[in-house]
Each structure stands twice: as structure tokens, then as C-alpha cells.
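In: Next one to model:
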Amino acid sequence: MIKYGLDGMGGDNAPQSTCKGAVDALAKLDAQDVIYIFGNEDDLRNELSKYKYDEERLVIVPTTEVITNDDAPVKAIRRKKDSSMVVGLNKLNEGEIDVFVSAGSTGALMSGALLLIGRIRGIDRPALASIFPPMTGNKPALLLDSGANTDCKPNNYLEFGVMGSIYMSKVMGVENPEVALINIGSEETKGNTAAKEAYQLMKDAKNLNFIGNVESREIPDAPADVYVCDGFVGNVIIKYTEGLGMAFLNLLKDKLKSGGLGTKLAAATLKDKLRSFKGMFDYSEYGGAPFLGVKGAVIKMHGSSDAVAVSNSIIKAGLYVKNGVVDIIHDEIMKIAEAEE
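Out: Sure, this is the predicted structure:
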């Protein structure tokens, strides 16, 4: 039995998307699993009244406050103690739920996870790990950090590589994941001081299938399963790729629509292919991004998540719990610490 926690008020489309997503996910989970949805009771009941569901398995936990993107993260966590996010994180810390999923403020969720739950022993900085859509073939990869830490030390990159490798193995089913360091060149001597020192640490790590540096232009050809960088670089890569993909698709559609009859017939023929192309950049297919390195299972969804994204995030969160990712990360980090002594 897994007890899921969902921030019912987090995200641009809440509570509509969170309620619909929770109902959809419930039908796909094990019969004994329960989803606890945190938020304003009246708003949640009003949305959930649109659907048929088992009220013993989808339970409302009333809260009176909401943390928004305009709130200062740390201040909001400390002051809005009855917010859907803070109550959910506290329930996770107290063991009343097994995982907490939210589309709310990234900064507040990270701050709350660190203040209320804490880091895994031996982890200097937890990382936000985002699935990077497949460009070549059908091979999604993991990019971390994708926004939690804008400045990193060499050992942080090593930690990111180890945690990312564990996640791809245990949640995404990738055997012996290949790990690469994003850099300005493939040579070992490229990059700033932190990158060069990180390269050596990752190269020497016995529990890491490190394949060296990759340049950002190589990522679409999927040379690795896990890409490691600081949060500034990772966030830029994620958002630029998402924007570029949508811009290219819109440009192509405009060109096809503006042509003659032959072009429009070709567009109709290519409709399914275009839909498939769009799906390559659709974050909703891959679920949320875990905060790897936190002592509890905390999953961050895209702020504009729809019901599909919410449902998929809940289901992926179940794999995170079932496969004991938090405990495995703890054990692997302890091995690294012991090897360094």
C-alpha cells in the first residue's frame, strides 16, 4: 500500500487539474493505494463532485492557505503553516504519507523539503531532476540539476551523477545508465575549474558509468542516459529546448497551412506525425521531477500541469517509492564517503 500526497492547490491549473488527475490516477493504482489531496475543502469538493471515485481512497485533507509563486519561498514556508504545501510536507516527514507531489512554487517546495524534511546524510545539495525528451529514437534521459542550484562545487556534480544514475535505473528501468557531464567541449581539460575537477571525481567513481564530457549540441543524439550540470545551465537547456520545439512546430504548421491544395493535403497526411513530434516535447508524458537528495520522496510537477501530467506524476511517484530510491541514494552516497576516507 502506498499513501500518496498531492498538493491540490499548487500550479496554474489547480484545483481543476489536480482533482481530475487524482481521479484518473486512482483508477490505475493498486486497489489498496490511497491519495490524500491537500487544499481548500470547498474548492476540492466542488471539483471532485464532477467525478465518480472511491472516497475512502481519495481523501481530502483540509487546509486554509496557499503558497503562490509571488511568495518569498523560505518566508512562505515559515509563515503559511496551514498551506497545502507545508501541511503535505509535514505529513511526509511524519510518515503519514509516502510521497508528496506538487505543481506549486519550485523555490518554496525545495525550501520546504530542506527545512521540514532535510537532506540525505552525505548530500551537500539536493537536485531537481527533469526528464529530457527523446530526440533520436526513443530514449528519454535525465537532466540534473535543472534549476535548484545555480552555483555548484565539484563534489555536487558527482552527487548529481550518482543520484541520477540510481533514478534512471530504479524508476525508468535503464540498465547501467551512462552518465555525462555537460561542458563546452568533449576534452577532459575543457571547462572552468569546477567542471575540470568534477570530471576527475566522476571519472574515478567506481559506482558511476561515466562516459565523459558532452556538448549541449550533442544532447539531441542521446549519447547518455544522465546529463549532469549546474542548475543555471540545466534550466536554460530545458526551457530553450521546450521553446525551440514548439516554435519549430508552429512554424511548420504555418507553412503547411499557407500553401496550396497540395500542401494542405500533405499537412492532413502528416497530421499524426506532427502530433507524435509534439509529444516529444510534452512534459506531461513523463511525470514530475523528483528532488533527489531529500530524505523524503518529493516530486515537483510543471507549474502548468494538466490532468494528464498530474496523473502521470502520481503514477511515476509510486515507482519512486516502491523501488526505495531514497534509501538506495543514501547507501550509495555512504559508499562514496567511505571510499574517500
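
In: and Lys91, helix, strand or coil?
Out: For Lys91, the reduced secondary structure class is helix; criterion used: DSSP: H, G, I helix; E, B strand; the rest coil.

In: what about it, how many neighbours?
Out: Here the number of neighbours of Lys91 (other C-beta atoms under 10 Å) works out to 19. C-betas here are computed from N, CA, C, even on glycine.

In: need the contact list for it.
Out: Gly5, Tyr36, Phe38, Val61, Ile97, Phe100 (C-beta atoms under 8 Å, 6 or more residues apart in numbering).

In: just those residues now: which is nearest Ile67?
Out: For the contacts of Lys91, the minimum distance to Ile67 (C-beta to C-beta) is 11.4 Å, reached by Phe38.

In: Asn46: neighbouring residues, count only.
Out: Using other C-beta under 10 Å as the criterion, the residues surrounding Asn46 number 13.

In: and if you look at the one 4 residues further on?
Out: A count of neighbours around Lys50, defined by other C-beta under 10 Å, yields 10.

In: residue contacts, it?
Out: Applying C-beta under 8 Å, 6+ apart, we find Lys50 in contact with Cys19, Lys20.

In: wait, is it part of a strand?
Out: No: counting by three-state DSSP, Lys50 falls outside a strand, being coil.

In: Show me the helices in the chain, by range?
Out: 16-26, 41-48, 73-79, 84-93, 106-112, 154-170, 193-204, 231-258, 261-269, 271-280, 307-322, 325-340 (DSSP state H).

In: Just the angle for the longest one relative to helix 154-170, thanks.
Out: Counting by axes from the mean of the first three to the mean of the last three C-alpha atoms, to 10 degrees, helix 231-258 points 50 degrees away from the direction of helix 154-170.

In: mind listing what's buried in helix 231-258?
Out: Gly231, Val233, Gly234, Asn235, Ile237, Ile238, Thr241, Gly245, Leu249, Leu256 (16 or more other C-beta atoms under 10 Å).

In: Packing partners of it?
Out: Using 3 or more C-beta pairs under 8 Å, 6 or more residues apart in numbering; DSSP states H and E as the contact criterion, the secondary-structure elements in contact with helix 231-258 are strand 127-128, strand 130-132, strand 141-144, strand 178-182, helix 261-269, helix 271-280.

In: Quick check: Leu142 vs Val326, distance?
Out: The span separating Leu142 from Val326 equals 16 Å under the rule C-beta to C-beta, to the nearest Å.

In: Tell me which of these two has more neighbours.
Out: For Leu142 versus Val326, the count of surrounding residues by other C-beta under 10 Å is larger for Leu142: 29 against 20.

In: I'd assumed Val171 was in contact with the more buried one.
Out: No: using C-beta atoms under 8 Å as the test, Leu142 is too far from Val171 to be in contact (9.2 Å).

In: Gly118: neighbour count?
Out: For Gly118, the count of nearby residues is 14 (other C-beta under 10 Å).

In: That one and Lys295 touch, don't they?
Out: Yes: taking contacts as C-beta under 8 Å, Gly118 lies within contact range of Lys295: 5.1 Å.

In: which residue packs closest to Asp33, ignoring adjacent ones?
Out: Counting by C-beta to C-beta, 6 or more residues apart in numbering, the nearest residue to Asp33 once its immediate chain neighbours are dropped is Ile2, at 4.9 Å.

In: Contacts only, for Gly164.
Out: Applying C-beta under 8 Å, 6+ apart as the definition, the contact partners of Gly164 turn out to be Ala127, Ala129, Leu142, Leu144, Pro177, Val179, Val226, Val228, Leu292.

In: Just give the closest residue to it, not the sequence neighbours.
Out: Distances taken as C-beta to C-beta, 6+ apart place Val226 nearest to Gly164, at 3.9 Å, with adjacent residues excluded.

In: How much space separates the closest residue to Asn176 other than its chain neighbours from Ala224?
Out: Setting aside the residues directly before and after it, Asn176 is nearest to Asn209 in space (C-beta to C-beta, 6+ apart), at 5.3 Å. With distances taken as C-beta to C-beta, Asn209 is found 9 Å from Ala224.

In: between these two, what contacts are shared?
Out: In contact with both Asn209 and Ala224: Pro177, Glu178, Val179, using C-beta under 8 Å, 6+ apart.

In: need the helices of the chain in TSV with distance to Ile299 and mean pLDDT, can you?
Out: Converted to TSV, the helices of the chain look like this (distance: least, C-beta to C-beta, whole Å; pLDDT from 0 to 100):
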stretch	distance to Ile299	mean pLDDT
helix 16-26	12	96
helix 41-48	19	96
helix 73-79	17	95
helix 84-93	11	97
helix 106-112	9	91
helix 154-170	11	91
helix 193-204	26	94
helix 231-258	16	78
helix 261-269	38	60
helix 271-280	21	55
helix 307-322	5	91
helix 325-340	11	78
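
In: Which one, of the ones you listed, ends up nearest to Gly288?
Out: Using C-beta to C-beta as the measure, helix 307-322 is the one of the helices of the chain that comes nearest Gly288, at 3.7 Å.

In: What residues sit buried inside that closest one?
Out: For helix 307-322, a neighbour-count test (16+ other C-beta under 10 Å) marks 307, 309-321 as buried.

In: ditto for stretch 105-120
Out: Judged by neighbour count (16+ other C-beta under 10 Å), stretch 105-120 contains these buried residues: 105-114, 116-117, 119-120.
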